[in-house]
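S.K.: my questions are about this predicted structure, shown below with the sequence.
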Number of protein chains: 2
Amino acid sequence: MNYSRQRQAIMDFLCDRKDHPTADTVYRNLRKTIPSISLGTVYRNLNLLAEHGSIRRVRGIDGSEHFDADTTDHQHFICRCCGIVEDILLPERQMSEIIRQEAQKGFAGIIETSDFYFLGVCCSCYKKQ
Amino acid sequence: MNYSRQRQAIMDFLCDRKDHPTADTVYRNLRKTIPSISLGTVYRNLNLLAEHGSIRRVRGIDGSEHFDADTTDHQHFICRCCGIVEDILLPERQMSEIIRQEAQKGFAGIIETSDFYFLGVCCSCYKKQ
DNA sequence: TCAAAATCAGTAATTATTATCAAATTTATC
DNA sequence: GATAAATTTGATAATAATTACTGATTTTGA
């Protein structure tokens, strides 16, 4: 996959962020370094990168779309108070693979990947209450 | 919760369907029996029913929003070919609860619920290939 | 170096969803 | 059952997110 200046900047930005920005957040931040960048370019590249498997789509609490450059096996937690999307790891390595195999039992189709969301109250919101 | 004619019809329609209709599908079908129903009414009631916990939101492959009147513990499978959303059950009862507890270990926030998606190719699409 | 391919910025169009509000319906009270 | 209060509706307008389009620019590869 080719990397234009804009595509590279989008990828770099995502890699630097631990949270999971939306297309609009990527756009607003990149304008600081590439003022001419357009929102269409951001959307186009995020979609290309996601199709290519370089980044992951993550669904926010309100259905909003977030992006994650970390494609290693991990799950997501969403806070129902502030909507923050955090990474969460199952304690055993390969656990998601085992769950996938369990789900496959007795299911007629073919399961290729899985996507787990955990919902609740994040540490920060819990303290505030 | 009160049930107007329209709200009841929306709930009934969802209960009758094994698939997971979108707001637009609900709307188009209900117009057959209630021609005057408006799309706004469908959205308003789907949101109310979801907030009330009577129905569940399910995210489709393209981020589209689907609704499910089955609120019992089960997971969803999404076909990457046709986009169909199917129910899928983990073989052991309470397995999702165990996974939730595992995820809670070492996580600072509070996990209340979980939402598992499995992605791949459905039985029907697999046969066609 | 230069032509072909890919990508861009800017804008228009599309889609999904929510907000608004007067009219209609439903509920609760007598 | 009559009727006032509360809720919900249908219709429309507004908003937000995303995609499509197009001519210009950049990148790639021979």
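M.R.: Yes, it's here.

S.K.: quickly list the domain ranges of chain A.
M.R.: Annotated domains of chain A cover A:1-71, A:72-129 [automatic domain parsing].

S.K.: mind checking if the first one is in reach of DNA strand D?
M.R.: So the one you mean is domain A:1-71. Yes. Residues of domain A:1-71 are located near DNA strand D by Cβ under 7 Å from any atom of the strand, namely A:2-5, A:22-24, A:39-40, A:43, A:47, A:64-65. Glycine gets a C-beta too; all of them are placed from N, C-alpha and C.

S.K.: which among those count as buried?
M.R.: A:22-23, A:65 (16 or more other Cβ atoms under 10 Å in any protein chain shown).

S.K.: least confident secondary structure element in chain A?
M.R.: helix A:123-128 (a mean of 91; mean pLDDT, DSSP states H and E).

S.K.: mind listing the helices for chain A?
M.R.: For chain A, helices defined by DSSP state H occupy the ranges A:5-16, A:23-33, A:39-52, A:95-104, A:123-128.

S.K.: mind putting those in JSON lines, distance to B:Thr72 included?
M.R.: Below are the helices of chain A laid out as JSON lines (distance: least, Cβ to Cβ, whole Å):
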{"stretch": "helix A:5-16", "distance to B:Thr72": "37"}
{"stretch": "helix A:23-33", "distance to B:Thr72": "35"}
{"stretch": "helix A:39-52", "distance to B:Thr72": "32"}
{"stretch": "helix A:95-104", "distance to B:Thr72": "16"}
{"stretch": "helix A:123-128", "distance to B:Thr72": "28"}
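
S.K.: any stretches of chain A with poor pLDDT?
M.R.: Along chain A, no part satisfies pLDDT under 70.
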